[in-house]
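1. Quick one, what's the 3D model for this:
(one chain, ligands or ions: 2)
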Amino acid sequence: MASKEPIRVLVTGAAGQIGYALVPMIARGVMLGADQPVILHMLDIPPAAEALNGVKMELVDAAFPLLKGVVATTDVVEGCTGVNVAVMVGGFPRKEGMERKDVMSKNVSIYKAQASALEKHAAANCKVLVVANPANTNALILKEFAPSIPEKNISCLTRLDHNRALGQISERLNVQVSDVKNVIIWGNHSSTQYPDVNHATVKTPAGEKPVRELVADDAWLNGEFISTVQQRGAAIIKARKLSSALSAASSACDHIRDWVLGTPEGTFVSMGVYSDGSYNVPAGLIYSFPVTCKNGEWTIVQGLAIDEYSRKKLDLTADELSEEKALAYSCLS
Ligand SMILES: NC(=O)C1=CN([C@@H]2O[C@H](COP(=O)(O)OP(=O)(O)OC[C@H]3O[C@@H](n4cnc5c(N)ncnc54)[C@H](O)[C@@H]3O)[C@@H](O)[C@H]2O)C=CC1
Ligand SMILES: O=C([O-])CC(=O)C(=O)O
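-> Ligands and ions are numbered 1, 2, ... in the order given. Have a look, this model is predicted:
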């Protein structure tokens, strides 16, 4: 059987901690499939060049059968040339005590510059995932400064929050995480996000049951559950003195895998995508919605009932994103 053509995957910030967890996952086929050869493009900045070369050496040493080539570079044009998938991790991470806004000005100017490089040099139809914070707003800046990249090709990572929500429900109910589905993360990848279980279900021997019915504790679902998911990033920083890395890398693989290969029938996932005004979320923001994916395209799940409690939470996180957008533009001017 003829083997598939390799897919070129760019990871920016590849010498950093998420990069170090992510590149072996990609090279093992976790992101694009166990039969899909890949060529890794790793981009970082000159102070990290030596560390980046060390990562390249380890990739050679690991002898991954699917890995058909490695480009390790500090040249953004070389990094972006011909890439089919771009995972944008490069940037300055949040440290203990910092809010995401504190890292805004450093990161939006990086995303403006890299937007142009991707627009000029990536493969046509390149899919872009922004991981670096503020993830939604960096993705929006990338979109606005790369006008020829279709907006449906630009997304940001909220799958980590989605997976955190699945994890919390699984622990609470003592069920397999793979039996829980259809939680939703609405809005910003920040502490205003709204983790919503109103449409989530668990597979049980007696069929699929609503999470709300099985948990039977609305106070917990509307209180501690939400704040645990919202604050999980900060809790990891407090515990590790470093922000989430293995879970971020794994969730980035989940995001691209589902986008490219499709979501299972009856399952939706959360992705930060360009709002078209669905659910009365202002158009023109990168906002996390429930989506299904098929043939390499995402579609926002329509028609879910939104109660009054949820409505307020959807609006609150949209307001924060509008403020971030204004702040980002003020940082750039
Ligand atoms: N969306 C999400 O769910 C999550 C997002 N994050 C964010 O991901 C980002 C990366 O986190 P870590 O890997 O822990 O940080 P890190 O500091 O370990 O790595 C970042 C890397 O980016 C590089 N970099 C800086 N400017 C760059 C540029 N202009 N071009 C290319 N590379 C550049 C740095 O040299 C460094 O190697 C941070 O912004 C962090 O806040 C982290 C966890 C979850
Ligand atoms: O909280 C942070 O700064 C890192 C992050 O995005 C997360 O872990 O969700």
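
2. Any regions of this protein where pLDDT drops low?
-> Residue ranges of the chain with pLDDT under 70: 1-2, 99-101.

3. Ligand 1 contacts on that one?
-> 12-13, 15-19, 43-45, 48, 89-91, 93-94, 110, 131-133, 135, 157, 160, 189, 243-245, 248 (CB under 6 Å from any ligand atom). Every residue, glycine included, has its C-beta placed from N, CA and C.

4. Quick one, which of those are buried?
-> The neighbour-count test (16 or more other CB atoms under 10 Å) marks 12-13, 15-19, 43-44, 48, 89-91, 93-94, 110, 131-133, 135, 157, 160, 189, 243-245, 248 as buried among the residues of the chain next to ligand 1.

5. Helices - which of these land there?
-> Mapping those onto helices (DSSP state H) picks out Q17, I18, G19, I110, A135, L160, A248.

6. where do the strands sit along the stretch 51-200 of the chain?
-> With strands called from DSSP state E, counting those that start in this stretch, the stretch 51-200 of the chain shows them at 67-73, 85-88, 127-130, 154-156, 180-181, 184-186, 194-196.

7. which strands and helices sit next to the fifth one?
-> Strand 180-181 sits against helix 159-173, strand 201-204, with contacts defined as 3 or more CB pairs under 8 Å, 6 or more residues apart in numbering; DSSP states H and E.

8. For I39, which three-state class applies?
-> strand (DSSP: H, G, I helix; E, B strand; the rest coil).

9. oh, I was asking about S288
-> strand.

10. How about the contacts made by it?
-> 136, 156, 158, 161, 185-189, 193, 270-273 (CB atoms under 8 Å, 6 or more residues apart in numbering).

11. redo that, cut-off 7 Å
-> T158, I185, W186, G187, H189, Q193, S270, M271, G272 (CB atoms under 7 Å, 6 or more residues apart in numbering).

12. List phi and psi for the residue in the stretch 51-200 of the chain positioned nearest to ligand 2.
-> Here the stretch 51-200 of the chain gets closest to ligand 2 at one residue, R94, 3.5 Å apart by CB to the nearest ligand atom. Here is the backbone geometry of R94 (degrees, to the nearest 10): phi -80, psi 140.

13. That one touches P134, doesn't it?
-> No - look at R94 against P134 with CB atoms under 7 Å: they stay out of range, at 9.3 Å.

14. Helix, strand, or coil at whichever residue of the chain sits closest to ligand 2?
-> Evaluated by CB to the nearest ligand atom, the chain has G233 as its residue closest to ligand 2, separated by 2.5 Å. When classified by three-state DSSP, G233 comes out as helix.

15. distance of the residue in the stretch 1-150 of the chain positioned nearest to ligand 1 from V131?
-> In the stretch 1-150 of the chain, the residue that lies nearest ligand 1 is G16 (1.8 Å; CB to the nearest ligand atom). For G16, the distance to V131 (CB to CB, to the nearest Å) stands at 10 Å.

16. Next, show the common contact partners of those two.
-> With CB under 7 Å, 6+ apart, G16 and V131 have common neighbours V89.

17. For I256, which non-adjacent residue is closest in space?
-> Excluding the flanking residues, the one nearest I256 by CB to CB, 6 or more residues apart in numbering is M31, at 5.1 Å.

18. check contacts around the one you found.
-> M25, C253, I256, R257.

19. quick check, nearest of these to G82?
-> For the contacts of M31, the residue nearest G82 by CB to CB is I256; the value is 17.2 Å.

20. Am I right that E320 falls within a helix?
-> Yes - with three-state DSSP as the criterion, E320 is part of a helix.

21. Count the residues that sit near it.
-> When counting by other CB atoms under 10 Å, one arrives at 22 neighbours for E320.

22. which residue sits closest to it, ignoring its sequence neighbours?
-> T192 is the one closest to E320 (CB to CB, 6+ apart), at 4.6 Å.

23. what do you get for L157?
-> V131 (4.7 Å).

24. just W259 next, same as before
-> C293 (5.1 Å).

25. cool, H189 as well?
-> Nearest one to H189, counting by CB to CB, 6+ apart, is A135 at 4.5 Å.

26. Quick check: the one you found touching C156?
-> Yes - under the criterion of CB under 7 Å, A135 makes contact with C156 at 4.1 Å.

27. Tell me the residues that contact both of those two, please.
-> Counting by CB under 7 Å, 6+ apart, the residues touching both A135 and C156 are H189, G272.

28. Burial check on P282, number of neighbours?
-> P282: 14 neighbours (other CB under 10 Å).

29. Confirm that it sits in a strand.
-> No - per three-state DSSP, P282 lies outside any strand segment and is coil.

30. And the residue nearest to it when sequence neighbours are not counted, how close does it get to A27?
-> Excluding its sequence neighbours, the residue lying closest to P282 (CB to CB, 6+ apart) is A318, at 5.9 Å. A318 is 38 Å from A27, where distance means CB to CB.

31. No more questions from me, cheers.
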